[in-house]
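Visitor: mind folding the following:
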Amino acid sequence: MNIVLFKKSLRKIFYFIALCFVSPVIIMQAFKNKENVLFLPVLLFGIFLSTTGITLGFIGIKNLVKSLIGKVKKD
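Guide: Model prediction:
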């Protein structure tokens, strides 16, 4: 088991979980304020955070599996 890769993958999964809660709130707030001038930038920022979260989730799970099943790194 590669401990360093395991810790990095857990960190990315933690960021994924945090972004899964934050990004829908930002998107919802953007849709509540459609008449505001900053509607489009806030909506795009929320969509960017959502895609970043999903990407971090996939990368984190991939690295987690790689750290658990992959070759053992000898020091």
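Visitor: C-alpha only now, for contacts and for neighbours.
Guide: Noted.
Visitor: the strands in this protein, which residues?
Guide: Under the criterion DSSP state E, the chain carries no strands.
Visitor: please enumerate the helices of it.
Guide: Counting by DSSP state H, the chain has helices at residues 3-32, 39-69.
Visitor: who are the packing partners of the first one?
Guide: In terms of contact count using 3 or more Cα pairs under 8 Å, 6 or more residues apart in numbering; DSSP states H and E, helix 3-32 is assigned the packing partners helix 39-69.
Visitor: which positions within the helix it packs on qualify as buried?
Guide: For helix 39-69, a neighbour-count test (16 or more other Cα atoms under 10 Å) marks 39, 42-43, 46-47, 49-50, 52-54, 56-57, 60-61, 63-64, 66-67 as buried.
Visitor: return the distance of the residue nearest to the spatial centre of the chain relative to Phe14.
Guide: Geometric centre of the chain, nearest residue: Gly53, 2.3 Å, by Cα atoms, centre = their mean. Here the criterion is Cα to Cα, to the nearest Å. By it, Gly53 lies 10 Å from Phe14.
Visitor: quick one: Ala30 and Phe58, what's the gap?
Guide: Counting by Cα to Cα - Ala30 and Phe58 are separated by 26 Å.
Visitor: same deal with Asn2?
Guide: Counting by Cα to Cα - Asn2 and Phe58 are separated by 18 Å.
Visitor: how about Gly70?
Guide: Gly70 is 17 Å from Phe58, by Cα to Cα.
Visitor: repeat that for Val4.
Guide: Look at Val4 and Phe58: by Cα to Cα, they are 18 Å apart.
Visitor: again, but for Val22
Guide: For Val22 relative to Phe58 (Cα to Cα), the value is 18 Å.
Visitor: cool, Ser23 as well?
Guide: From Ser23 to Phe58 the distance is 17 Å (Cα to Cα).
Visitor: and the pLDDT at Tyr15?
Guide: What the model reports for Tyr15 is a pLDDT of 95.
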